[in-house]
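> the sequence isn't on hand, but the structure is:
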Ligand code: SF4
């Protein structure tokens, strides 16, 4: 088995069949070979540095109804919130003074003029008060190309828009099939972002009901062909207030979804050597050291949460989300210790841009 895995890992690219074989590794030794190879590539191409992205969960108000998501518009149990500009800027100040280098502003998907203006105002304020020293990633869903352009002009440089599944049939098993959840529109939005000069991120969930290993292999090929600069992926974790929860009996055990997510990260690192790859918080919901294990499988980005604790319980995209009671300071201290324990250093004061993006535009 060892020789078989090593033979695949020595190749420059993998066939779909080989990706499926690598995804399926579950025995300690064979999985270890895959993760070690990914970690070695990460160190060779981007060094043993982890970059922080201070995460600001700006608003849980969303106009969409994705069947897996805890903050979907149809979840009437949810207490809606939107952070004030003042609260966002306080979080930005914390990130700046802590030398995080970058922040992510994430929210549900809203396209009202008031929402677009508010994000735009925040972007300009962030650039002014930090002298442009903080890199900004937005993750606010599908918007028009004009809105993306406006936000870029106001200082956003990266945009994360997860496809969740690149298989159209599966996409419509986890999203309502209507004009608000159009597969083609999502792909078009990713292309708009690329056209405008953003560093573009996308990602998937692994371990979804109805999802096969072949689907995930296709997702990996899709992300590679789309030539994204950043990837955020995590295991699917069910939320009891969502329609997809009805399919919970078809799920594999959480630990299997966790292992599958780590294998997916490792394969993506091997195939897309210089991209930024996030160690998603969802991993930690399954294994207390999940994010650190992702670093050892090739991830290089961690998102310490800066959202005021009073809002955290209302931004539960999935259940068992960890650290919802920890404030920004506690979160920083905890993460620092964990990362150093694993022999990685933290890129304080650096934007930590995607090297893949820089290499493409040399
Ligand atoms: S996944 Fe995003 S777009 Fe879908 S309901 Fe949740 S926040 Fe809204």
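That came in fine, so what should we check first? Since the structure is predicted, the reported quantities are computational estimates derived from the model, not experimental observations.
> confirm that residue 278 sits in a strand.
Yes. Counting by DSSP: H, G, I helix; E, B strand; the rest coil, residue 278 is found in a strand.
> after the worst-scoring helix or strand of the chain on mean pLDDT comes which helix or strand?
Within the chain, judged by mean pLDDT, DSSP states H and E, the helix or strand with the poorest mean is helix 328-341; its value is a mean of 79. Following helix 328-341 in sequence order, the next helix or strand is strand 345-346 (DSSP states H and E).
> quick check, pLDDT for the residue lying closest to residue 69 once chain neighbours are set aside.
Spatially, and ignoring its direct neighbours in sequence, residue 69 is nearest to residue 317 (5.6 Å; Cβ to Cβ, 6 or more residues apart in numbering). Quick note: C-beta positions are derived from backbone N, CA and C, even for glycine. Per-residue confidence at residue 317 stands at 77 (pLDDT).
> so who does residue 317 touch?
69-71, 239 (Cβ atoms under 8 Å, 6 or more residues apart in numbering).
> go again with 7 Å.
Shown in contact with residue 317 (Cβ atoms under 7 Å, 6 or more residues apart in numbering): 69-71.
> how about the least confident helix or strand of the chain: buried residues?
The neighbour-count check on helix 328-341 (16 or more other Cβ atoms under 10 Å) flags 328, 331-332, 335-336, 338-339 as buried.
> same thing with stretch 163-174?
Applying 16+ other Cβ under 10 Å to stretch 163-174 flags 163-167, 170-174 as buried.
> quick one: end-to-end distance for that stretch.
11 Å (Cα to Cα, to the nearest Å).
> let the chain start at 112 from now.
Got it, the first residue is 112 from now on, which makes the last one we talked about stretch 274-285.
> what does the stretch 312-461 of the chain have sitting close to the ligand?
By Cβ under 6 Å from any ligand atom, no residue of the stretch 312-461 of the chain approaches the ligand.
> where along the stretch 312-461 of the chain do the strands fall?
316-317, 341-346, 387-390, 412-413, 456-457 (DSSP state E, counting those that start in this stretch).
> and if you look at the stretch 112-261 of the chain?
With DSSP E, counting those that start in this stretch as the criterion, the stretch 112-261 of the chain has strands spanning 160-163, 165-170, 213-218, 246-250.
> any idea which of the ones you listed is most buried?
Between those, strand 165-170 has the highest mean count of neighbours, a mean of 26, where neighbours are mean count of other Cβ atoms under 10 Å.
> tell me what it is packed against?
Contacts defined by 3 or more Cβ pairs under 7 Å, 6 or more residues apart in numbering; DSSP states H and E place strand 165-170 against helix 196-208, strand 213-218.
> at 10 Å what do you get?
Judged by 3 or more Cβ pairs under 10 Å, 6 or more residues apart in numbering; DSSP states H and E, strand 165-170 is in contact with helix 196-208, strand 213-218, helix 224-240, strand 246-250, helix 420-423, helix 439-452.
> turn the ones you listed into TSV, columns for distance to residue 304.
TSV is the format used below for the helices and strands packed on strand 165-170 (distance: least, Cβ to Cβ, whole Å):
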stretch	distance to residue 304
helix 196-208	22
strand 213-218	15
helix 224-240	15
strand 246-250	10
helix 420-423	27
helix 439-452	28
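> can you tell me which of the ones you listed has the worst average pLDDT?
helix 439-452 (a mean of 79).
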